[in-house]
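Peer 1: Just need the structure, nothing else, for what follows:
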Amino acid sequence: MKVHFIAIGGSAMHNLAIALKLKGCSVSGSDDEIFEPARSRLKKYSLLPEHISWHPEKLDNSIDAVILGMHAKNDNPELLRAKELGLKIYSYPEFLYRMSKDKTRIVVGGSHGKTTITAMILHAMKTLGKDTDYMVGAQLEGFEVMVRMSDEAKYMVLEGDEYLSSVLDPRPKFHLYKPNVAIINGIAWDHINVFPTFDKYVEQFKLFADKIEPNGVLLYYEGDENARRIGLNARKDIRTKGYGALPYRTENGRSIVQWKDREYVMRIFGQHNLINLNAAMLACEQTGIDNGDFLQTMTSFSGASKRLEAIKITDTQAFYSDFAHSPSKLKATCEAVKKQYPSRRLVACLELHTFSSLTKEFLVQYKNCMDSTDCAAVYYNRHAIELKRLPDLSEEAVYEAFGKKDLKVLTDIEAVKEFILTNTDKNSNVLMMSSSNFGGLDLKELAQNVM
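Peer 2: So this is what the prediction gives:
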């Protein structure tokens, strides 16, 4: 198969390109900007375009499939050329479904926890030798790429993003996967640029549940009112099961899961991760994996990249990086670190970067989300606001929205570094949270300077 990628530099797109090349396909692609780590990884597999620009002349009738990334706009010259030639154009999720339609598809949906649950499932299946294809939204320890496709694997595990598929396909990505096993791990409003009301956002998860194949399974977090309602009102031709956190206790900074007559010492922590753990266990159960065997594999699971990722740990301090950016994720992550180390000060910094978080009307959703911290700052870059063509956001508006009296609001990355350096002592933890990268701030270097 000969495949061309329009916007090959995307985090998901470049991984799919690598996966298809490893599968034996002929792969080409273009983009007008490619950043690390995509650039180095594409170069490693001889997929990095020679010139960073759009090249419609690359497309001809020999191409079997064009995969269109979200970065490409309606007037993209390669897209226009593909249409002119009558080539088959797929969105990223549409192509993934095409390649997995004969497999058992496990799709992990929800406003938070998707990547972690997907990573847990994959860790267990790999450890126990159960062959599976996959697509996950972060780099995982022991996995070379974030996408794998084969002819042999019986299963396909997919992280089910609710954002739109492409400029040509306004359907949420997870609507295209038609799961055999689906997970809804909680619903908290996000992506207000495409789902302007919470009801509209919730509707996408109802539609996701409706896409489950006949005789399939829906697993839902029963602690979330909207997820529970969807589960209780699901179609009669599928099975449903609600779940909560697995029973556990915290001892000497470790989470110990208690299951039947055994205990399992975990490297992950926080109640939200024990909820994620149960969702992954129930999904693996559908593939024939024993619960005890699953939990044993989880004792070596350290998490996905930027999901409470430990940058540096000493006897009295810990420095974490986390992807938390929405209100529910932010609150759960702060509380998890504070509960795990109750005697230590928690110094936390959040970067506002998404469309929703940089919109004044949405900011009120963040009220009290950082109250469990001892010292907190919120950082945002005004250039990001300009790029998203949003109205300017004042520091006063951010401060008022969070409702935390001693909150620092920062717009300069040097001020972020100064905040962390001056507020961290020998009995404190640092938590850096962002869906971006704090303007390229080197967190490893920062951790080294404060610990």
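
Peer 1: C-alpha only now, for contacts and for neighbours.
Peer 2: Fine.

Peer 1: Walk me through the domains of this structure.
Peer 2: 2-87, 95-298, 309-450 (automatic domain parsing).

Peer 1: Can I get these in TSV including mean pLDDT and mean neighbour count?
Peer 2: What follows is the domains of the chain, written out as TSV (pLDDT from 0 to 100; neighbours: other Cα atoms under 10 Å):
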stretch	mean pLDDT	mean neighbour count
domain 2-87	95	18
domain 95-298	94	19
domain 309-450	94	18
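
Peer 1: Can you show me the strands along the stretch 351-451 of the chain?
Peer 2: If DSSP state E, counting those that start in this stretch is used as the criterion, the strands of the stretch 351-451 of the chain fall at 375-380, 408-410, 428-433.

Peer 1: can you tell which of these is closest to residue 135?
Peer 2: Each of these has some distance to residue 135 by Cα to Cα; the shortest is strand 428-433, at 23.4 Å.

Peer 1: and the closest one, what does it pack onto?
Peer 2: Here strand 428-433 touches strand 318-322, strand 345-352, going by 3 or more Cα pairs under 8 Å, 6 or more residues apart in numbering; DSSP states H and E.

Peer 1: So in that sheet, which strands flank it, and in what orientation?
Peer 2: The strands that strand 428-433 pairs with in its sheet are strand 318-322 (parallel), strand 345-352 (parallel) (by DSSP bridges).

Peer 1: now it against strand 375-380, angle please.
Peer 2: Per axes from the mean of the first three to the mean of the last three Cα atoms, to 10 degrees, the angle that strand 428-433 makes with strand 375-380 is 20 degrees.

Peer 1: Let me see the ranges of the helices in the stretch 101-250 of the chain.
Peer 2: Secondary structure of the stretch 101-250 of the chain by DSSP state H, counting those that start in this stretch: the helices cover 114-127, 198-210, 225-232.

Peer 1: right, I mislabeled it, should have said the stretch 301-450 of the chain
Peer 2: 327-340, 360-363, 382-387, 395-402, 413-423, 443-450.

Peer 1: what sits against residue 284?
Peer 2: Under the criterion of Cα atoms under 8 Å, 6 or more residues apart in numbering, the neighbours of residue 284 are 121, 124, 125, 290, 294.

Peer 1: repeat for residue 94
Peer 2: 173, 176, 177 are the contacts of residue 94 under Cα under 8 Å, 6+ apart.

Peer 1: coming back round to it: export the helices of the stretch 101-250 of the chain to JSON lines and tack on distance to residue 310?
Peer 2: Converted to JSON lines, those look like this (distance: least, Cα to Cα, whole Å):
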{"stretch": "helix 114-127", "distance to residue 310": "15"}
{"stretch": "helix 198-210", "distance to residue 310": "32"}
{"stretch": "helix 225-232", "distance to residue 310": "31"}
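
Peer 1: Would you tell me which of those gets closest to residue 442?
Peer 2: The nearest among the helices of the stretch 101-250 of the chain, by Cα to Cα, is helix 114-127 at 23.1 Å.

Peer 1: residues in contact with that closest one?
Peer 2: Counting by Cα under 8 Å, 6+ apart, 108, 131-132, 134, 136-138, 140, 157-160, 185, 273, 276-277, 279-281, 283-284, 294, 297-298, 301, 303-304, 307 sit against helix 114-127.

Peer 1: next one: stretch 23-43
Peer 2: The contact list for stretch 23-43 (Cα under 8 Å, 6+ apart) reads 1-11, 14, 17-18, 20-21, 47-49, 52-55, 149-150.

Peer 1: List the beta-bridge partners for the closest residue to residue 162 other than its chain neighbours.
Peer 2: Excluding the flanking residues, the one nearest residue 162 by Cα to Cα, 6 or more residues apart in numbering is residue 172, at 4.8 Å. Note on residue 172: beta-bridge partners by DSSP bridges are residue 164.

Peer 1: Surely residue 172 is in contact with residue 161?
Peer 2: Yes: counting by Cα atoms under 8 Å, residue 172 does reach residue 161; the two are 7.2 Å apart.

Peer 1: what's the distance between residue 141 and residue 12?
Peer 2: With distances taken as Cα to Cα, to the nearest Å, residue 141 is found 17 Å from residue 12.

Peer 1: Same question for residue 3.
Peer 2: Distance from residue 3 to residue 12, by Cα to Cα: 15 Å.

Peer 1: Check the secondary structure at residue 28 for me.
Peer 2: At residue 28 the chain is in strand, as set by DSSP: H, G, I helix; E, B strand; the rest coil.

Peer 1: got the strands of the stretch 351-451 of the chain as TSV, with distance to residue 316 columns?
Peer 2: Shown next, in TSV, are the strands of the stretch 351-451 of the chain (distance: least, Cα to Cα, whole Å):
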stretch	distance to residue 316
strand 375-380	17
strand 408-410	25
strand 428-433	7
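
Peer 1: between those strands, which one is nearest to residue 211?
Peer 2: Residue 211 sits nearest to strand 428-433 of all the strands of the stretch 351-451 of the chain, at 33.2 Å, using Cα to Cα.

Peer 1: For that closest one, C-alpha coordinates in CSV please.
Peer 2: The C-alpha coordinates for strand 428-433 follow below in CSV (Å, rounded to 0.1, in the frame of the first residue of the first chain):
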residue,chain,number,x,y,z
SER,A,428,8.4,20.0,49.5
ASN,A,429,7.2,18.5,46.2
VAL,A,430,7.0,20.3,42.9
LEU,A,431,4.2,19.6,40.4
MET,A,432,4.4,21.1,36.9
MET,A,433,1.2,20.7,34.9
